[in-house]
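Trainee: no sequence on this one, just coordinates:
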């Protein structure tokens with residue numbers, strides 16, 4: 001029985017931990033070949049050792065760097081011969097009341113969450129347009145629909161990512177490039193280490209659960225796409241939260 005992502009070459013940014021690492025493992029389990037990026041060689045090496053799969057490669061890269069982005073795609077083409085999909089997962093958050101936020105904190109979130117997604121999407125279009133198309137999966141957030149207090153940088157970046165997804169989908173549809181956005185609710189990752197206790201106590205999904213949905217979105221047939229998906233623990237405050 002063929003695997004869902006058999007022999008597909010997939011780039012996953014921020015793939016050394018959390019949701020990105022879980023997606024990488026799920027893709028590998030479905031026969032895909034994966035190149036993950038991380039902030040440092042040490043984090044990449046740690047992930048490669050932990051997953052320990054022959055079809056997993058990694059390299060350090062700053063997602064907000066044009067040169068690093070080009071280098072990642074060049075490496076992917078060396079490894080896979082083509083790029084079938086890109087998962088824009090790298091993301092950070094800076095929280096706090098807006099009057100206390102520094103411009104550099106806001107800019108740092110934009111650089112990673114939004115500018116990085118733009119650079120990887122632009123490079124994906126350049127690589128995929130002449131090779132039969134492909135998929136881009138942006139990892140958004142339910143914050144793009146319902147923000148929390150004190151989340152101006154993060155929420156702004158995820159609203160922007162939602163808009164970017166829609167605009168890219170229009171540009172990609174005639175050349176076989178499908179662009180989607182996956183909006184997770186609370187997921188068990190280390191991002192919760194610094195969150196308020198009231199938020200930490202909210203129900204959460206396992207990273208493997210969100211990764212299952214990512215694989216589904218990446219493995220849809222060529223004549224079908226899931227534009228948006230919102231996935232969360234049904235007990236989590238979301239609908240009607242204020």
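Mentor: Nice, thanks for sending it over. Given the structure is predicted, the values throughout are model-derived calculations rather than measurements.

Trainee: Just give me the neighbour total for residue 173.
Mentor: Other residues near residue 173 come to 13 when the count uses other Cβ atoms under 10 Å. Yep, even glycine has a C-beta here, placed from its N, CA and C like the rest.

Trainee: how about the residue nearest to residue 128 when sequence neighbours are not counted, phi and psi?
Mentor: In space, and not counting its chain neighbours, residue 128 is closest to residue 134: 4.0 Å by Cβ to Cβ, 6 or more residues apart in numbering. Dihedral pair for residue 134: phi 170, psi -170, per degrees, to the nearest 10.

Trainee: go on, the one 10 residues further on?
Mentor: Here is the backbone geometry of residue 144 (degrees, to the nearest 10): phi -70, psi -10.

Trainee: what do you get for residue 92?
Mentor: According to degrees, to the nearest 10, residue 92 has phi -140, psi 170.

Trainee: Ignoring the adjacent residues along the chain, who's closest to it?
Mentor: residue 112 (4.9 Å).

Trainee: wait, what's in contact with that neighbour?
Mentor: For residue 112, the contact set (Cβ atoms under 8 Å, 6 or more residues apart in numbering) comprises 63, 64, 90, 91, 92, 157.

Trainee: Okay, strands next: where are they in the protein?
Mentor: 9-12, 33-38, 56-60, 85-88, 134-139, 177-184, 228-231 (DSSP state E).

Trainee: So what touches the second one?
Mentor: This means strand 33-38. Contact partners of strand 33-38, identified using Cβ under 8 Å, 6+ apart, comprise 7-17, 20-21, 24, 27-28, 44, 47, 55-61, 63, 72, 75-76, 79-80, 90.

Trainee: And those residues, which of them are buried?
Mentor: Among these, those classed as buried by neighbour count (16 or more other Cβ atoms under 10 Å) are 8-17, 20-21, 24, 27-28, 44, 47, 55-58, 60-61, 63, 72, 75-76, 80, 90.

Trainee: Now intersect those residues with the helices, please.
Mentor: 20, 21, 24, 27, 28, 44, 47, 72, 75, 76, 80 (DSSP state H).

Trainee: Who does residue 134 form a beta bridge with?
Mentor: residue 177 (DSSP bridges).

Trainee: okay, which residue of the chain is out on the far edge from center?
Mentor: residue 99 (29.3 Å; Cα atoms, centre = their mean).

Trainee: Of all the residues in stretch 164-173, which ones are buried?
Mentor: Within stretch 164-173, the residues that count as buried by 16+ other Cβ under 10 Å are 164, 165, 168, 169, 172.

Trainee: again with stretch 174-188
Mentor: 177, 178, 179, 180, 181, 182, 183, 184, 185, 186, 187, 188.
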